[in-house]
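> let me see the structure of the following:
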Amino acid sequence: MRIQGNGPVTIGDNFHSGTECMLLTESHNYEGEAIPYDATVKRYQINIEDNVWLGNRVIVTGSVCIGEGAIIQAGSVVVSDIPKYGIAGGHPAKVFKYRDAQHYEQLKSQGKFH
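As a prediction, this is how the structure comes out:
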């Protein structure tokens, strides 16, 4: 996994990621003093909560929070928040399903982590 930029990144416990994932915490300032962008950058924060799993080649852009227990399909681009237990995929990533919250919390309370 590669973190690109100088924006803050928080990653919770038991995080898993596939190969070639990227967290992008900066973007060029296209609203600045030059076209297509100026020499400044905008910095953004990324928060990834506990027990999140990113598939291979997932890209996460700035100002995003991925909630606890979420799963992101391989090849997805996350441009907005993903809620707790959400299973998301696509370009941009959209939630299409949720984990069984009761099952998840039962495994968590029993300390069954991989």
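> what helix or strand does residue 103 sit in?
Following DSSP states H and E, one finds residue 103 within helix 101-109.
> buried set for that helix?
With burial defined by 16 or more other C-beta atoms under 10 Å, the residues of helix 101-109 counted as buried are residue 104. C-beta: built from backbone N, CA, C; applies to glycine.
> tell me the mean pLDDT for it?
Averaged over helix 101-109, pLDDT sits at 97.
> residues in contact with it?
51, 69, 85 (C-beta atoms under 8 Å, 6 or more residues apart in numbering).
> the second one contacts residue 51, correct?
The one in question is residue 69. Yes: counting by C-beta atoms under 8 Å, residue 69 touches residue 51, with 4.9 Å between them.
> mind exporting the C-alpha coordinates of the helix holding residue 103 to CSV?
Listed next in CSV are the C-alpha coordinates belonging to helix 101-109 (Å, rounded to 0.1, in the frame of the first residue of the first chain):
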residue,chain,number,x,y,z
ALA,A,101,-24.1,-6.7,12.2
GLN,A,102,-25.1,-9.2,14.8
HIS,A,103,-22.7,-11.8,13.5
TYR,A,104,-19.9,-9.2,13.2
GLU,A,105,-20.4,-8.0,16.8
GLN,A,106,-20.5,-11.6,18.1
LEU,A,107,-17.2,-12.5,16.5
LYS,A,108,-15.7,-9.2,17.7
SER,A,109,-16.8,-9.8,21.3
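> who's in contact with residue 92?
Here residue 92 is in contact with 77, 78, 79, 80 (C-beta under 8 Å, 6+ apart).
> related to what we said a few turns ago, so which of the contacts of helix 101-109 are in helices?
Among those, DSSP state H puts none in helices.
> can you lay out those residues as a markdown table showing pLDDT?
A markdown table is the format used below for the contacts of helix 101-109 (pLDDT from 0 to 100):
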| residue | pLDDT |
| --- | --- |
| 51 | 98 |
| 69 | 98 |
| 85 | 98 |
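> burial count for the nearest residue to residue 50 once chain neighbours are set aside?
In space, and not counting its chain neighbours, residue 50 is closest to residue 12: 3.7 Å by C-beta to C-beta, 6 or more residues apart in numbering. By the criterion of other C-beta atoms under 10 Å, residue 12 has 15 neighbours.
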